[in-house]
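[1] Provide a 3D model corresponding to the input given below.
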Amino acid sequence: MSIFSRLSDIVNANLNTLVARAEDPRKIIRLIIQEMEDTLVEVRSSAVQTIAERKELERRIAALSRDEAEWERKAELALTHNREDLARGALQARTHLTKTREGLRTQHEQIVSGLAQQNEDIAKLQAKLADAKSREQALLSRASIASSRVKLRERIYDERIGDAFGRFEQVERNLDALEGRAESYDLGRRTLEQEIEGLEADSAVDSELEALRARLRQRKESPQTARVEGPDKQS
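    Model prediction:
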């Protein structure tokens, strides 16, 4: 079954999404490119046939226009010879040709419109194909990396690996317990050191506090001294 059912499916397709959904990205990438190339050939072949049909219609329309002009000339000729009956018949023939030509003209307009749409779709498809080819190697590399990661994850989550990790964690827990026992022997000594360090810190703070009090007392006494000495200097 074809990946794409219509040209618009290819034009609007998201390559990343298609590759992401595929079980075998390499295969899907090649299928996408092959489908694009085959569709491009088919669309171009259809366009060639449509162009041939357009040209045939143009020839028929041109021939009908000439025939209309000829019947008009004949109608005029009949009137110049007072043959109104022949002139009427010539005009009727011309009217029939006119209707036929207008019908062909409508078909021609539809074909021209269809060709314009085909050309637009071909341009889009060519752009998609060029993009797919330019990104093919990059997508294949991503697919290869993703496949390797999946295999690695499968190995990591293998039961034997899980058991090994479990044993390793048990060893770590045993080491933690052993280190905890070693640290417990130093607990009392470290507590004593901490208490002495605390006393030293308190002593330093007390010294700074006493110095601060002395500075405050000095500030309070300085203004009083200035007021006492002031009158003596005036006398």
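[2] now for whichever helix or strand Arg44 is part of, which elements pack on it?
    Secondary structure assignment for Arg44, by DSSP states H and E: helix 25-80. Contact here means 3 or more C-beta pairs under 8 Å, 6 or more residues apart in numbering; DSSP states H and E; on that basis helix 25-80 packs against helix 7-11, helix 15-21, helix 84-156. Using the backbone N, CA and C atoms, a C-beta is placed for each residue, glycine as well.
[3] how near is Leu79 to Asp67?
    Distance of Leu79 to Asp67, given as C-beta to C-beta, to the nearest Å: 19 Å.
[4] again, but for Ala78
    Taking C-beta to C-beta as the measure, Ala78 falls 16 Å from Asp67.
[5] what's the answer for Glu58, then?
    15 Å.
[6] what about Val48, neighbour count?
    Neighbours of Val48 under the rule other C-beta atoms under 10 Å: 10.
[7] oh, and call the first residue 20 from now on, that's how I've got it
    Okay, using 20 as the starting number, the last item reads as Val67.
[8] Tell me the spacing between it and Arg120.
    Val67 is 25 Å from Arg120, by C-beta to C-beta.
[9] again with Ile52
    According to C-beta to C-beta, Ile52 and Arg120 sit 46 Å apart.
[10] likewise Val62?
    For Val62, the distance to Arg120 equals 30 Å [C-beta to C-beta].
[11] Ignoring the adjacent residues along the chain, who's closest to Ser84?
    Using C-beta to C-beta, 6 or more residues apart in numbering and skipping residues adjacent in sequence, the residue nearest Ser84 is Arg120, 6.4 Å away.
[12] before we move on, what about Glu91?
    Nearest non-adjacent residue to Glu91, counting by C-beta to C-beta, 6+ apart: Arg113, 5.7 Å away.
[13] hang on, that neighbour packs against Arg85?
    No - using C-beta atoms under 8 Å, Arg113 makes no contact with Arg85, being 11.4 Å away.
[14] Comparing the two, which residue is more hemmed in?
    Arg113 (20 against 11).
[15] distance of the more buried one from Arg78?
    For Arg113, the distance to Arg78 (C-beta to C-beta) stands at 19 Å.
[16] got it, and Ile51?
    According to C-beta to C-beta, Ile51 stands 41 Å off from Arg78.
[17] Also Gln129?
    Counting by C-beta to C-beta - Gln129 and Arg78 are separated by 17 Å.
[18] separation between Ser226 and Arg234?
    Distance from Ser226 to Arg234, by C-beta to C-beta: 13 Å.
[19] typed the wrong thing, it's Arg107
    According to C-beta to C-beta, Arg107 stands 134 Å off from Arg234.
[20] Settle it for me: which of the two has more neighbours?
    Legend: neighbour count by other C-beta under 10 Å for Arg107 and Arg234, higher for Arg107 (13 against 10).
[21] Check the average confidence over the host helix or strand of Ser226, would you?
    Per DSSP H and E: Ser226 is located in helix 206-253. Across helix 206-253, pLDDT averages out at 66.
[22] what's the answer for stretch 120-130, then?
    94.
[23] just stretch 157-172 next, same as before
    The average of the pLDDT scores along stretch 157-172 is 66.
[24] Just the buried residues of stretch 139-156, please?
    Asp140, Ile141, Leu144, Lys147, Leu148, Ala151, Glu155 (16 or more other C-beta atoms under 10 Å).
[25] go on, stretch 64-82?
    By 16+ other C-beta under 10 Å, the buried positions in stretch 64-82 come out as Ala66, Arg73, Leu76, Ile80.
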